[in-house]
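Undergrad: Sequence plus the predicted model coming up.
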Amino acid sequence: MSTEPTHPPSVDALARSLSKDVPLPHALLVDCARRAIQSHPTDAVNTAHQYAHELHRSLLVDVVNATGVLLHTNLGRAPLRTSETSRANNVEFNMSTGERGSRHDAVSQLISTLTGAEAAIVVNNNAAAVMLVLAALAHGRDVAVSRGESVEIGGNFRIPDVMEQSGAHLVDVGTTNRTRLSDYTKAIASSRNDIALLMKIHPSNFSIEGFTEDTSVRELATCGVPVVADIGSGLLDNTCPWLQGHLPQVPKWLANEPAATQALIDGAALVTFSGDKLLGGPQCGIIAGRKDLVEMCAAHPLMRALRPGSHTMQMLQSTLLSYCARTVCEDVPFWFMLTQTTASLRTRAESIVQRVGRGEVVALDALVGAGSAPGTTVESFGIAINGDHRETLRGRALPVIARAFNGTTFIDLRSVHPDDDAIIVEALQQLA
Ligand SMILES: *Cc1c(COP(=O)(O)O)cnc(C)c1O
């Protein structure tokens, strides 16, 4: 007999019985068993199963996004194809000299080629990009923002709060619905102010209509103060040359999105944007534009705290190379999904319904998501099934995330890769 201390047999036995149902490491199941015995001694078995299932369900897993929201914030925004390798990469190693290099050189060159920016750096997300720009260029000074653009982007990212955290002072100009160039020039001329930047923020997640007026980047650029355009969505160029041969024309909502190339042509000194919205890449934030200003951001102590990891840099580089190669619609999942023809989506839906033997092919409106292009819908097709089956579909080993409305479940195929149609078929066949 072993003389080593052992777990009380009941805990260990319970944990072993859990392992038949829940694929978690033994130590975690032991923890569930122990907590269950403590909290519900008379109903430990059921409670332990519940704890183990809850723990298992809280882990991150791949899911099939059948919501029709292409950039679903709860599902990680832009989906990415990832390669699994255990190798290192040369993130800060210069391959020519064999000495230390900069993690920004490669993507900075690519972003310059694609947008005309003199230089670029990458941080963890666009909130960090805005924060760093303000801290590096306007600490202790004033930044003019239109009252109509002093927005909350979501997740408590509010322009006035970010401004305060960065040490810059917000100077509100104009009104909620109308802000003119003269509002900015007055703020600059006022002896009370020390305006370091004019900041134009794209109110990505809402639109105001009616008696409105705002001041363009081109007009702001005439004021003699650097203009920072937070374009948010990360559209590189609103003429979308990568869509040629994939869509007959650039959709109107895209042509109207603020884009990095055009903002820089119009005279923005810097643009900031997310990597995982319309760019279609990994979560990150990009600061691009005038070299001297980008260098001031790169030299700020916050940069070290905000820098992304080597794998993010590699995934961003791979996304940018697809733009350079004009293979975006093949290689970048977001653009692949967006450019699928409705005819092909309908054919897929028909085939799924036929294979499953139930459900109905329906026309649907997919959404871009991630606060991009609010109100814009993208034509789609999918499958409608009687009853709300979201929970069952979520409970699968490879969960399918669907929408339900008025007691009907909808599978929108615009956000599902065709390779996953077989998974949808299997999931729908197994609905009782
Ligand atoms: C989305 C967005 C942000 C925040 O970007 P994250 O990458 O989510 O941090 C900031 N500004 C604008 C205009 C946005 O659209």
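TA: Everything's here; your move. Numbering: from 1, shown residues only.
Undergrad: Contacts only, for Leu236.
TA: Residues in contact with Leu236 (CB atoms under 8 Å, 6 or more residues apart in numbering) are 114-115, 259-261, 279, 323. Placement of C-beta: from N, CA and C, glycine included.
Undergrad: Kindly recompute the last result at 6 Å.
TA: Applying CB atoms under 6 Å, 6 or more residues apart in numbering to Leu236 gives the contacts 114-115, 260.
Undergrad: ok, now Val228?
TA: 133, 197, 199, 270.
Undergrad: C-terminal to whichever strand or helix holds it, what's the next element?
TA: Element membership for Val228 (DSSP states H and E) is strand 227-232. Next along the chain after strand 227-232, taking DSSP H and E as the criterion, comes helix 252-255.
Undergrad: average pLDDT across that following helix?
TA: For helix 252-255, the mean per-residue pLDDT is 92.
Undergrad: near the ligand, which residues of the stretch 1-150 of the chain?
TA: Residues of the stretch 1-150 of the chain lying near the ligand by CB under 6 Å from any ligand atom: 125-127.
Undergrad: is it true that Leu110 touches Leu320?
TA: Yes: counting by CB atoms under 6 Å, Leu320 is a contact partner of Leu110 at 4.0 Å.
Undergrad: show me what contacts the closest residue to the ligand within the chain?
TA: Taking CB to the nearest ligand atom, the ligand has its nearest neighbour within the chain at Gly232, 2.3 Å off. For Gly232, the contact set (CB under 6 Å, 6+ apart) comprises 202, 204.
Undergrad: The one 3 residues further on too?
TA: Contacts for Leu235 (CB under 6 Å, 6+ apart) come out as 257, 259, 278.
Undergrad: hmm, 7 Å instead?
TA: Contact analysis of Leu235 by CB atoms under 7 Å, 6 or more residues apart in numbering lists 254, 257, 259, 278.
Undergrad: which of the residues you listed lies closest to Ala119?
TA: Ala259 (18.3 Å; CB to CB).
Undergrad: Help me confirm that the closest one comes into contact with Asp237.
TA: Yes: here Ala259 reaches Asp237: they are 5.4 Å apart, a contact under CB atoms under 7 Å.
Undergrad: Which of the two has more residues huddled nearby?
TA: Ala259 (25 against 17; other CB atoms under 10 Å).
Undergrad: Not counting its neighbours along the chain, what's nearest the more buried one?
TA: With sequence-adjacent residues excluded and distances taken as CB to CB, 6 or more residues apart in numbering, Ala259 is closest to Asn238, at 3.8 Å.
Undergrad: residues touching the residue nearest to Arg290 when sequence neighbours are not counted, list them.
TA: With sequence-adjacent residues excluded and distances taken as CB to CB, 6+ apart, Arg290 is closest to Ala269, at 4.8 Å. Contacts were defined as CB under 7 Å, 6+ apart; by that measure Ala269 touches 226-228, 289-290, 293.
Undergrad: PyMOL command to pick out the buried ones of the residues you listed?
TA: Buried members of the contacts of Ala269, defined by 16 or more other CB atoms under 10 Å, are picked up in PyMOL with:
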select buried, resi 226+227+228+289+290+293
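Undergrad: Pick out whichever of the contacts of Ala269 sits closest to Glu360.
TA: For the contacts of Ala269, the nearest to Glu360 is Val228 (49.5 Å; CB to CB).
Undergrad: Any idea what that closest one is bridged to?
TA: Listed by DSSP bridges, the beta-bridge partners for Val228 are Met199, Leu270.
Undergrad: what's the pLDDT at it?
TA: On the pLDDT scale, Val228 is placed at 98.
Undergrad: burial of Met296, as a residue count?
TA: Counted with other CB under 10 Å, Met296 comes out at 14.
Undergrad: Now it. Its backbone dihedrals?
TA: Phi and psi for Met296, reported as degrees, to the nearest 10, are phi -60, psi -40.
Undergrad: hang on, the earlier thing: more neighbours, Leu110 and Leu320?
TA: Leu320 (24 against 18).
Undergrad: secondary structure class for that one?
TA: Following DSSP: H, G, I helix; E, B strand; the rest coil, we place Leu320 in the helix state.
Undergrad: ok, now Ile121?
TA: Criterion first, three-state DSSP; result for Ile121: strand.
Undergrad: okay, now it: neighbour count?
TA: Ile121 - counted by other CB under 10 Å - has 23 other residues nearby.
Undergrad: Could you pull up the contacting residues of it?
TA: 104, 108, 287, 294, 297-298.
Undergrad: out of the residues you listed, what pair is the most spread apart?
TA: Ser108 and Cys297 (12.0 Å).
Undergrad: who's more crowded, these two?
TA: Legend: neighbour count by other CB under 10 Å for Ser108 and Cys297, higher for Cys297 (25 against 22).
Undergrad: Tell me the secondary structure of the more buried one, please.
TA: Here Cys297 is recorded as helix under three-state DSSP.
Undergrad: Thought Val133 was touching it, still the case?
TA: Yes: using CB under 7 Å, Cys297 makes contact with Val133 at a distance of 6.0 Å.
Undergrad: Mutual contacts of these two, please.
TA: Applying CB under 7 Å, 6+ apart, one finds that Cys297 and Val133 are jointly contacted by Ile287.
Undergrad: before we move on, back to that, for the residues of the stretch 1-150 of the chain next to the ligand, which one is nearest Phe211?
TA: The shortest approach to Phe211 among these belongs to Asn126, at 30.0 Å (CB to CB).
Undergrad: Okay, helices next: where are they in the stretch 151-300 of the chain?
TA: 159-166, 181-189, 217-220, 252-255, 260-265, 291-299 (DSSP state H, counting those that start in this stretch).
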